[in-house]
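Peer 1: Have a look; sequence and predicted model below, questions after that.
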Amino acid sequence: MDWKIIVSSVLFFLASLAFIGVVIRTAKHVSYVTLADGRRQERSLPVSIRMVLPFCALVPRFITQAPAFEESRNRINRRLVAGGYEGLIQPHEIIALRVLMPLGLGVLSCVLLYFSFPYMPDTIGEGLARRQYALFAIILVMFGFLPDSWLKKSVKRRHASIERALPFVLDLLTLSVESGLDFMSGIQRIIQHREIDPLGEELVRVFREIQVGRTRKEALQNMAIRVGHPDIRSVSNALIQADELGTGIAHALRIQADQVRTKRFQRAEKLGNEAPTKLLFPLTAFIFPSVFLVLLGPVILQMMIRGGF
């Protein structure tokens, strides 16, 4: 065997071990966000993003912080805040990840193809060499959308948690106000006696903003802007309107709790109605062929045996 192939194989093996070690160490790393009251909440970035994040400084500033990308950075910042990752990663770093992740993983795939050529027949190696540029382009497209896909899923997951918790929290706040507590004392009691979840984090921030001197209207408007969810926006507007008109907050909270619960039931019914359509592809692609194989498989096997195959 050629000594060049041996040396390249050993180097490739050592590089693979080093890469696996970096992945394991990165996966074990845990990061935290600091809430408005000083408590720390565990909030980790995906392993793929954490591995590429230290190299974001290599991307020139005129790309990540160009005035042409100002709107994109603002949109990314809103998603980071809505997803609960404010402070862990910056918008210009997301733009840098859009550049680094497809290039880095595309180059890695080409390196893997290059080192696999010596162990393949000439015809297969030549075929892969002709297709490596196409494969590289596909990887560029796939991993270029990974940061945006992660952001979208993070916001959707956080919104789903808020949807589940909002009716119960509004009921607790209504009972607290109706029992004689004011709005601030009701929020404080909920914060102290509930496990911190995405909605609890937002209530903590509202409570601290009012404590430092902001009005209730400003704190509620800021929460609606941060979360970006229609239910939170509706509740905030109702509370602001009740505060400005001088009507009872308890009555507004009870109405909003009923409306939010009704919307949640409607979403559940909508998902239930969409289930048969979503099950159509698995049924036709996997379940029906499996049933066909289980029922007719023995018959076909006996026919093959009797036919002498």
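Peer 2: Arrived safely, thanks for sending.
Peer 1: buried ones in the helix or strand hosting Ile255?
Peer 2: Under the criterion of DSSP states H and E, Ile255 resides in helix 249-278. Within helix 249-278, the residues that count as buried by 16 or more other CB atoms under 10 Å are Ile249, Ala250, Ala252, Leu253, Arg254, Gln256, Ala257, Gln259, Val260, Lys263. All C-beta atoms are positioned from the backbone trio N, CA, C, and that covers glycine.
Peer 1: For Asp243, state which of the residues you listed is nearest.
Peer 2: Each of these was checked against Asp243 using CB to CB; the closest is Ile249, at 7.1 Å.
Peer 1: mind listing what the closest one touches?
Peer 2: Applying CB atoms under 8 Å, 6 or more residues apart in numbering, we find Ile249 in contact with Val177, Phe183, Leu239, Ala242, Asp243.
Peer 1: And the contacts of the host helix or strand of Val81?
Peer 2: According to DSSP H and E, Val81 maps onto helix 70-83. With contacts defined as CB under 8 Å, 6+ apart, helix 70-83 is touched by 65, 86, 88-89, 91-92, 94-95, 151-152, 154-155, 157-159, 226-229.
Peer 1: Kindly recompute the last result at 10 Å.
Peer 2: Residues outside helix 70-83 that contact it (CB atoms under 10 Å, 6 or more residues apart in numbering): 43, 64-67, 69, 85-95, 98, 147-148, 150-159, 162, 198, 225-229.
Peer 1: Just the buried ones from these, in ChimeraX syntax?
Peer 2: The ChimeraX selection below is limited to those of the contacts of helix 70-83 classed as buried (16+ other CB under 10 Å):
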select :43,64,65,69,85,88,89,90,91,92,93,94,95,98,147,150,151,154,155,158,159,162,198,226,227,228,229
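Peer 1: List the ones among the contacts of helix 70-83 that fall in strands.
Peer 2: The members of the contacts of helix 70-83 all map outside strands under DSSP state E.
Peer 1: which strands and helices sit next to the top helix by length along the chain?
Peer 2: Longest helix in the chain by number of residues, with DSSP state H as the criterion: helix 146-178. In terms of contacts (3 or more CB pairs under 10 Å, 6 or more residues apart in numbering; DSSP states H and E), helix 146-178 is packed against helix 47-52, helix 70-83, helix 91-116, helix 183-193, helix 198-211, helix 216-227, helix 230-245, helix 249-278.
Peer 1: I'd like to know which of these has the weakest mean confidence.
Peer 2: Ranked by mean pLDDT, the helices and strands packed on helix 146-178 end with helix 91-116 in last place, scoring a mean of 72.
Peer 1: I'd say Thr262 and Ser234 touch.
Peer 2: No - if you go by CB atoms under 10 Å, Thr262 and Ser234 don't touch, sitting 11.8 Å apart.
Peer 1: Turn the buried residues of helix 249-278 into TSV, including distance to Pro289.
Peer 2: Converted to TSV, the buried residues of helix 249-278 look like this (distance: CB to CB, whole Å):
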residue	distance to Pro289
Ile249	59
Ala250	58
Ala252	56
Leu253	54
Arg254	53
Gln256	49
Ala257	48
Gln259	46
Val260	43
Lys263	40
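Peer 1: Tell me the one of the residues you listed nearest Lys270?
Peer 2: Closest to Lys270 out of those is Lys263 (10.4 Å), distances taken as CB to CB.
Peer 1: who's in contact with the closest one?
Peer 2: Counted by CB under 10 Å, 6+ apart, Lys263 has contacts Glu163, Leu166, Pro167, Pro230, Asp231, Ser234.
Peer 1: go again using 7 Å as the cut-off
Peer 2: Lys263 makes contact with Asp231, according to CB atoms under 7 Å, 6 or more residues apart in numbering.
Peer 1: Give me the residue at the spatial middle of this protein.
Peer 2: Ser154 (2.6 Å; CA atoms, centre = their mean).
Peer 1: residue contacts, that one?
Peer 2: Contacts for Ser154 were tallied using CB under 7 Å, 6+ apart; they are Gly83, Tyr85.
Peer 1: try 6 Å
Peer 2: Shown in contact with Ser154 (CB atoms under 6 Å, 6 or more residues apart in numbering): Gly83.
Peer 1: Tell me the buried residues in stretch 173-191?
Peer 2: For stretch 173-191, by 16+ other CB under 10 Å, it's Leu173, Thr174, Ser176, Val177, Phe183, Gly186, Ile187, Gln188, Arg189, Ile190, Ile191.
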